[in-house]
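S.K.: Coordinates for the following, if possible.
(one chain, ligands or ions: 1)
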Amino acid sequence: MTTIGVLAVQGDVREHVRMLDGLGVRATTVRRTTELAACDGLVIPGGESTTMAKLARTFDLFEPIRQRLKEGMPAFGTCAGMIMLADRIEDGTADQETLGGLDITVRRNAFGRQVDSFEGELEFAGLTEPVQAIFIRAPWVEAVGPEVDVLARVEHGPAAGRIVAVRQGSLMATSFHPEVGGDSRVHRQFVDLVTEV
Ligand SMILES: NC(=O)CC[C@H](N)C(=O)O
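M.R.: Residues are numbered from 1 along each chain as shown. Next up is the predicted model:
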């Protein structure tokens, strides 16, 4: 059975596990390298990316995850998880490390620090009906490399046109939180990606 791990050092781990459980895969939390080794794919949840990066180091997971990503393990990052998978950050703290893998530049807290959270409908590549996207102190994608597919953009308001979901090979990331609420279609895309590999 396909096993998908959720990096469980910080952030909204339970929501992802619940979502994946409903999609016919085995969902496990990942805090140790042995747990990582058992995974066919990895979700990096929302939370706080500087804390998550530091804790991933503390748990000795940082380099092992990087290694697995280099070897082609599929991964899906939401919000802080998107930041973790980005090759470049703007507005990061000076020493903020990322796992990298996605040829994108993200801007943290891009919608303004005072804009805590908001939601809106978005067209999402591969889905016929729009998704209800929940943004919580979210990043956006400032720039993408040539290998990156844009899956969704903000549709209305001052941030209209900003990229908020991407895919590059076996890596996916969203600025918003598809794990919150009952719509599992974005997770389904990731599960399909993991089972295709
Ligand atoms: N909801 C989230 O994951 C917020 C991300 C957070 N603002 C960060 O920079 O890491």
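S.K.: got the residues of the protein near the ligand?
M.R.: With the criterion set to Cβ under 6 Å from any ligand atom, the chain comes near the ligand through G46, G47, E48, S49, C79, A80, I83, R108, N109, I136, R137. Using the backbone N, CA and C atoms, a C-beta is placed for each residue, glycine as well.
S.K.: which non-adjacent residue is nearest the third one?
M.R.: Spelled out, it's E48. Excluding the flanking residues, the one nearest E48 by Cβ to Cβ, 6 or more residues apart in numbering is A80, at 5.9 Å.
S.K.: Quick check: the one you found touching G47?
M.R.: Yes - counting by Cβ atoms under 8 Å, A80 touches G47, with 4.6 Å between them.
S.K.: More neighbours: those two, which one.
M.R.: A80 (25 against 22; other Cβ atoms under 10 Å).
S.K.: Provide a list of residues in contact with the more buried one.
M.R.: With Cβ atoms under 8 Å, 6 or more residues apart in numbering as the criterion, the residues that contact A80 are G11, I44, P45, G46, G47, E48, S49, M52.
S.K.: which ones are touching the fifth one?
M.R.: When contacts are counted by Cβ under 8 Å, 6+ apart, G47 is found next to Q10, G11, D12, C79, A80, G81.
S.K.: go again using 6 Å as the cut-off
M.R.: Residues in contact with G47 (Cβ atoms under 6 Å, 6 or more residues apart in numbering) are Q10, G11, A80.
S.K.: The helix or strand of the chain with the lowest mean pLDDT pairs with which strands, parallel or anti?
M.R.: Averaged element by element with mean pLDDT, DSSP states H and E, the chain has its least confident helix or strand at strand 117-122 (a mean of 92). Using DSSP bridges, the neighbouring strands of strand 117-122 in the sheet come out as strand 131-136 (antiparallel).
S.K.: Buried residues of the next helix or strand after the partner strand, list them for me.
M.R.: With elements assigned by DSSP states H and E, the helix or strand that comes after strand 131-136 is strand 140-144. The neighbour-count criterion (16 or more other Cβ atoms under 10 Å) identifies W140, V141, E142, V144 as the buried residues of strand 140-144.
S.K.: Could you dump those into TSV with pLDDT and distance to P64 added?
M.R.: Written out in TSV, the entries for the buried residues of strand 140-144 read as follows (pLDDT from 0 to 100; distance: Cβ to Cβ, whole Å):
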residue	pLDDT	distance to P64
W140	97	29
V141	98	26
E142	97	29
V144	98	27
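S.K.: Tell me the one of the residues you listed nearest the ligand?
M.R.: Nearest to the ligand out of the buried residues of strand 140-144 is W140 (Cβ to the nearest ligand atom; 11.3 Å).
S.K.: Would you map the strands across this structure?
M.R.: Residue ranges of the strands in the chain, as given by DSSP state E, are 3-7, 26-30, 41-44, 75-78, 86-90, 102-107, 117-122, 131-136, 140-144, 149-153, 163-168, 171-174.
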